[in-house]
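Trainee: got a predicted structure plus its sequence, pasted below:
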Amino acid sequence: MKNTYRVVVIGSNRSISILRRLSTDLAQEGCDLMATSSFTLGGNFVIMMIVNSDLSKTEQRDLLQPTSDANELQLIVDRIDEFDPTHDFPEVTVHIHGTDRIGVFSYCMAILNDAGLDVLSMHSDLLGKGGEGKEEEFLNIIKGRATLGMEELNRAAENLRNNKIDVTISTAENES
């Protein structure tokens, strides 16, 4: 197949089970679904697919547009030069929990990035209030690689703890 596309659909108030319909549309036209990733955030979801196809970009979009329109999805189709199906496996998981305030996410990410955390995936949630009279709390779960080593990452975690942000770091060996 001569073309590789990144296909992204964005929707809300629907299940990501729409992936079944999209993958069926692709398969019926002989398109090869090489990889897919999806996630939800509140009532919203995103599905990203890497597709090999003999179709032109316009034909690829036209194939998926009816399903996208019927389900009120935003559809993005981009041609990409190549796709490397291999990926790095995370070696660390970082849980960050604290009081939500403007800039806290940026602050945490700056400290961890400077300590060599290469983020491979991340999920962030607001947890609500911890009780009557309490402030909103957040939780971030990050999977990644410690490019500067665990000692540097642990030093960064201690810096965050000193600023009343709870941080737990576990390695892949400890998670199995």
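Mentor: All right, it came through fine.

Trainee: could you tell me the per-residue confidence at S23?
Mentor: On the pLDDT scale, S23 is placed at 91.

Trainee: pretty sure it contacts L33?
Mentor: Yes: because the distance of 5.6 Å satisfies CB atoms under 8 Å, S23 is recorded as touching L33. No exception for glycine: its C-beta is placed from N, CA and C like everyone else's.

Trainee: mutual contacts of those two, please.
Mentor: The overlap between the contact sets of S23 and L33 (CB atoms under 8 Å, 6 or more residues apart in numbering) consists of M49.

Trainee: what about D78, distance to N159?
Mentor: Relative to N159, D78 is positioned 39 Å away (CB to CB, to the nearest Å).

Trainee: more neighbours, these two?
Mentor: In terms of neighbours (other CB atoms under 10 Å), N159 is the more surrounded of D78 and N159; the figures are 16 against 11.

Trainee: pretty sure the more buried one is touching A110, no?
Mentor: No: if you go by CB under 8 Å, N159 and A110 don't touch, sitting 10.7 Å apart.

Trainee: can you get me a residue count around the closest residue to K57 other than its chain neighbours?
Mentor: Nearest in space to K57, with sequence neighbours left out and distances taken as CB to CB, 6 or more residues apart in numbering, is R79 at 5.4 Å. The number of residues packed around R79, counting by other CB under 10 Å, is 12.

Trainee: please shift the residue numbers so they start at 43 in all later answers.
Mentor: Understood, numbering begins at 43; the last thing we discussed is R121.

Trainee: given the helix or strand where R121 lies, what are its sheet partners and their directions?
Mentor: According to DSSP states H and E, R121 maps onto strand 116-122. Strand 116-122 has the following strand partners under DSSP bridges: strand 45-54 (antiparallel).
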